[in-house]
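> next come a sequence and a model predicted from it.
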Amino acid sequence: MDGNIETTFVEANGLTFEVETCGSGDRLALCLHGFPELAHSWRHQLPLLARLGYTAWAPNLRGYGRSSRPARRADYALEHLLADVAGLIDAAGKSSTLLLGHDWGGMLAWMFALRRMRPLERLIVMNIPHPLLFVRGLDRWSQRLKSWYILWFQVPRLPELLLGMGRARPIAEILRRSAVDPARFPDEVLEVYREAARQPGAITAMLNWYRANFDLTGGRLTEQDREALETRLQTPTLMIWGEQDIALAKYLTYGTGELVEDFTLRYLPRVGHFVQQEAPETVNAIIEGWLSGSRMPGTEHTDTRGEPDR
């Protein structure tokens, strides 16, 4: 299987998406990045997924990279972001979909699966809790303090000014300073993210994900949303969690097994928030093991029912 990553452009949901792609299998593996990342964050996983028989796509999501960058804050509301995911799956036209997401991409993946917008073969989320557990977790001051930046991002213009200083050096610092092993983020990798953030309107678009969805990121849900999120997810789900996450507390993972019918969780000690970039070898071994039914590395988790992971 060809392990070379190529870049293409895909029309979906009325927008154009820059997509890094690898492989040519009949099944789709769709990888959704987080903040302040890009499709480049999946560079270690795309060849693996191609080798496992998937056509692997990692799009630069709405507002990122050379994908379409709508100007209005309202254009980044959750409904539009989820419609993008559906549009990309439809555009791929494959027989089944494995959905992977990290950080904001993981939140999209959770919500997409919970709303059953398209059939999913399986779901993989990394360092993002089930949305209901995230909202509940914001009742604790320890998580509120970790999530301070969400409130700061609501301030007009100032976050753009500060994040763009020094040719977007703070964007690089978010990645490197979040890592237990900063060597995993060399200058040439960080420059990819900095260069993308320097494009006109890019940082505002990235922040609009938070500004347009403050009801979710700020910990408020309507009763209708809460009822939907409490519905037990039937899609087989793997969660990979770097334990040294500076933005999200480990306890946000507790109880996920009560919300997902077929749930597997692996903790990675001494790994930070950007887990698939900081520990790609271990993450890839976990993904391959879970998909193939073989043994996986990482610390096994016992959920609140006391049942060990499969």
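Cool, got the structure.
> Trp241 is in what secondary structure piece?
In this structure, Trp241 is located in strand 237-242 according to DSSP states H and E.
> which strands and helices sit next to the longest helix seen in the chain?
Scanning the chain for the helix with the most residues, using DSSP state H, yields helix 78-92. Packed against helix 78-92, as judged by 3 or more C-beta pairs under 8 Å, 6 or more residues apart in numbering; DSSP states H and E, are the following elements: strand 6-12, strand 15-22, strand 27-32, strand 54-59, helix 104-114. Every residue, glycine included, has its C-beta placed from N, CA and C.
> ok, 7 Å please
Helices and strands touching helix 78-92, as assessed by 3 or more C-beta pairs under 7 Å, 6 or more residues apart in numbering; DSSP states H and E, comprise strand 6-12, strand 27-32, strand 54-59, helix 104-114.
> what's that helix in contact with?
Residues from elsewhere that reach helix 78-92 (C-beta atoms under 7 Å, 6 or more residues apart in numbering): 10-13, 15, 17, 28, 30, 32, 55, 57, 59, 61-62, 97, 108, 111-112, 117-118, 213, 216.
> let's see that with 8 Å instead.
10-15, 17, 19, 28, 30, 32, 55, 57, 59, 61-62, 97, 99, 108-109, 111-112, 115, 117-118, 209, 212-213, 216 (C-beta atoms under 8 Å, 6 or more residues apart in numbering).
> kindly report the same for stretch 286-295.
Counting by C-beta under 8 Å, 6+ apart, 45, 48-49, 52, 98, 122, 124, 238, 240, 264, 266, 296-298 sit against stretch 286-295.
> at 6 Å instead, please
Leu238, Ile240, Arg266, Met296, Gly298 (C-beta atoms under 6 Å, 6 or more residues apart in numbering).
> nearest to Ala196 among those?
Among the contacts of stretch 286-295, Ile240 lies closest to Ala196 (C-beta to C-beta), at 24.7 Å.
> which SSE is immediately downstream of the strand holding Trp241?
strand 263-268.
> any idea of the mean pLDDT for the next helix or strand after that following strand?
Later in the chain than strand 263-268, the nearest helix or strand by DSSP H and E is helix 275-278. Mean per-residue pLDDT for helix 275-278: 98.
> stretch 171-182 too?
97.
> gap between the two ends of that stretch?
One end of stretch 171-182 to the other measures 14 Å (C-alpha to C-alpha, to the nearest Å).
> list of residues touching that stretch?
36, 185, 190, 193-194, 197, 244, 246, 270-274, 278.
> let's see that with 7 Å instead.
Residues from elsewhere that reach stretch 171-182 (C-beta under 7 Å, 6+ apart): 36, 163, 185, 190, 193-194, 197, 244, 246, 270-274, 278.
> buried residues, it. List them.
Residues Ile171, Ala172, Ile174, Leu175, Arg176, Ser178, Ala179, Val180 are the ones in stretch 171-182 that count as buried (16 or more other C-beta atoms under 10 Å).
> same deal with stretch 61-76?
Leu61, Arg62, Gly63, Tyr64, Gly65, Ser67, Ser68, Arg69, Pro70, Arg73, Asp75, Tyr76.
> any idea how far the closest residue to the second one other than its chain neighbours is from Phe112?
Right, Arg62. In space, Arg62 comes closest to Asp84 once its chain neighbours are excluded; the distance is 5.6 Å by C-beta to C-beta, 6 or more residues apart in numbering. Asp84 sits at a distance of 10 Å from Phe112 (criterion: C-beta to C-beta, to the nearest Å).
> over to Arg140?
From Arg140 to Phe112 the distance is 27 Å (C-beta to C-beta).
> kindly report the same for Val189.
The spacing between Val189 and Phe112, counted by C-beta to C-beta, is 28 Å.
> tell me the bridge partners for the residue most central in space within the chain.
Nearest to the geometric centre of the chain sits His102, at 2.1 Å (C-alpha atoms, centre = their mean). Per DSSP bridges, the residues bridged to His102 are Met126.
> residues touching it, list them.
His102 touches His33, Gly34, Ser41, Met126, Asn127, Ile128, Gln276, counting by C-beta under 7 Å, 6+ apart.
> from Leu252, how far off is it?
Counting by C-beta to C-beta, the gap from His102 to Leu252 is 15 Å.
> surely Met126 and Gly106 touch.
Yes: using C-beta atoms under 7 Å, Met126 is in contact with Gly106, at 6.0 Å.
> for Val189, grab the count of nearby residues.
17 (other C-beta atoms under 10 Å).
> am I right that it is in a strand?
No: using DSSP: H, G, I helix; E, B strand; the rest coil, the assignment for Val189 is helix, not a strand.
> ok, it to Asp26 distance?
Remark: distance between Val189 and Asp26 (C-beta to C-beta) = 32 Å.
> ditto for Thr282
In terms of C-beta to C-beta, Thr282 sits 28 Å off from Asp26.
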